[in-house]
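S.K.: need a 3D model of the sequence below.
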Amino acid sequence: MKPDIASLRREYVREKLDVDTVGKDPVAHFESWFMEALSANVLEANAMTLSTVTENGRPASRVVLLKGVENEKFVFFTNYQSNKGRELEANPYCALNFFWAELERQVRIEGKVARLSEARSVEYFRSRPAGAQIGAWASPQSTPVSSRELLELRYKELENRFKEGEIPKPKQWGGYEVDPFLIEFWQGRPNRLHDRILFVKANNTWEIRRLAP
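M.R.: Presented below is the predicted three-dimensional model:
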C-alpha cells in the first residue's frame, strides 16, 4: 500500500526568530545555531546540501560535510576532479543548505567559492583517519567504474603501498572556502507561518530583512 505523501505534515512549535534578536552578524548566528545542533545530538549536524551549476546551466546537488567556519567562510573538502569540483572551477558560485529537523531549523547560504591553500588542504588531510586518506587516493570520484570489486582491489593495493610512513595528499584532492553574500535563517512556526530572516551583503555590510514564509 502506497503512503499518502500529500497528507504528511508536522506542526512546528519549538522556537521563534525575529530581526530584533537574531543579531547583526549572520556567521556568528550560524555558529550559535550549529552549536545548538551539536548539543541536541542532531545526526550529522555538519551535513549540508551543496548545489552547483553544470556546464549546461542545470542545477546539481549533493550532500557534503562542513569542516570548518574560518575567517567567516564555510569550508569543505573534496576531489577537485569530481563533478562538483569541475563545476566550481567553471562557475565559482554555490549554494549551501543545512536542515536540522530536530530543531525545526534550516539555514540557506549563497556565496563565492575559492580553493583553500595547498598547505591548509595538506593540514586537514593529515588529520583524517588513514582509511579515509587511502580512500581519497583509491576513488576516481564521479568517474564510471566497472565494479565495486575494482575499487576494493585498488584500495588494497594502495593500502599495501602506503603501509609504512606518511600518506601524502593526492594533488587532485583539497579544500574549498565559501565566502557568503547571502544567509537565510528559517525557523519552523505553527500554521506554516514560519520565521525567515535574510541577510544580504552589500558594500561589505550585512543588510537584514524579514521574508514572508
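S.K.: which strand runs longest in this protein?
M.R.: strand 173-187 (DSSP state E).
S.K.: what pLDDT, on average, does that strand get?
M.R.: Mean per-residue pLDDT for strand 173-187: 98.
S.K.: tell me the strands beside that strand, with direction?
M.R.: Strand pairing for strand 173-187, determined by DSSP bridges: strand 73-79 (antiparallel), strand 105-115 (antiparallel), strand 195-202 (antiparallel).
S.K.: alpha carbons only: can I get it in PDB?
M.R.: Provided in PDB are the C-alpha atoms of strand 173-187 (Å, rounded to 0.1, in the frame of the first residue of the first chain):
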ATOM      1  CA  TRP A 173      42.100  16.500  -3.500                       C
ATOM      2  CA  GLY A 174      41.700  19.500  -1.400                       C
ATOM      3  CA  GLY A 175      39.500  22.200   0.200                       C
ATOM      4  CA  TYR A 176      37.200  25.000  -0.800                       C
ATOM      5  CA  GLU A 177      36.000  28.000   1.200                       C
ATOM      6  CA  VAL A 178      32.600  29.600   0.500                       C
ATOM      7  CA  ASP A 179      32.600  33.400   1.100                       C
ATOM      8  CA  PRO A 180      28.900  34.100   1.700                       C
ATOM      9  CA  PHE A 181      26.900  37.000   0.300                       C
ATOM     10  CA  LEU A 182      23.500  35.700   1.400                       C
ATOM     11  CA  ILE A 183      22.500  33.800   4.500                       C
ATOM     12  CA  GLU A 184      18.900  33.000   5.400                       C
ATOM     13  CA  PHE A 185      17.700  31.600   8.700                       C
ATOM     14  CA  TRP A 186      14.500  29.600   8.800                       C
ATOM     15  CA  GLN A 187      12.600  28.700  12.000                       C
END
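S.K.: ok now that strand, how far from the chain's centre?
M.R.: With Cα atoms, centre = their mean, to the nearest Å as the basis, strand 173-187 stands 8 Å off its chain's centre.
S.K.: ok, stretch 23-34 next?
M.R.: 16 Å.
S.K.: for it, buried residues please.
M.R.: 26-27, 29-30, 33-34 (16 or more other Cβ atoms under 10 Å). Using the backbone N, CA and C atoms, a C-beta is placed for each residue, glycine as well.
S.K.: now the two most distant members of these.
M.R.: Maximum pairwise distance among the buried residues of stretch 23-34 (Cβ to Cβ): 12.2 Å, between Pro26 and Phe34.
S.K.: wait, what's in contact with the residue nearest the centre of the chain?
M.R.: Taking Cα atoms, centre = their mean, the centroid of the chain lies closest to Met48, which sits 3.6 Å from it. Neighbour list for Met48: 63-66, 76, 96-98 [criterion: Cβ atoms under 8 Å, 6 or more residues apart in numbering].
S.K.: same thing with Arg189?
M.R.: With contact set as Cβ under 8 Å, 6+ apart, Arg189 has these partners: 12-13, 16, 195, 213.
S.K.: turn the contacts of Met48 into TSV, columns for neighbour count.
M.R.: Formatted as TSV, these follow (neighbours: other Cβ atoms under 10 Å):
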residue	neighbour count
Val63	10
Val64	16
Leu65	13
Leu66	19
Phe76	21
Leu96	20
Asn97	18
Phe98	22
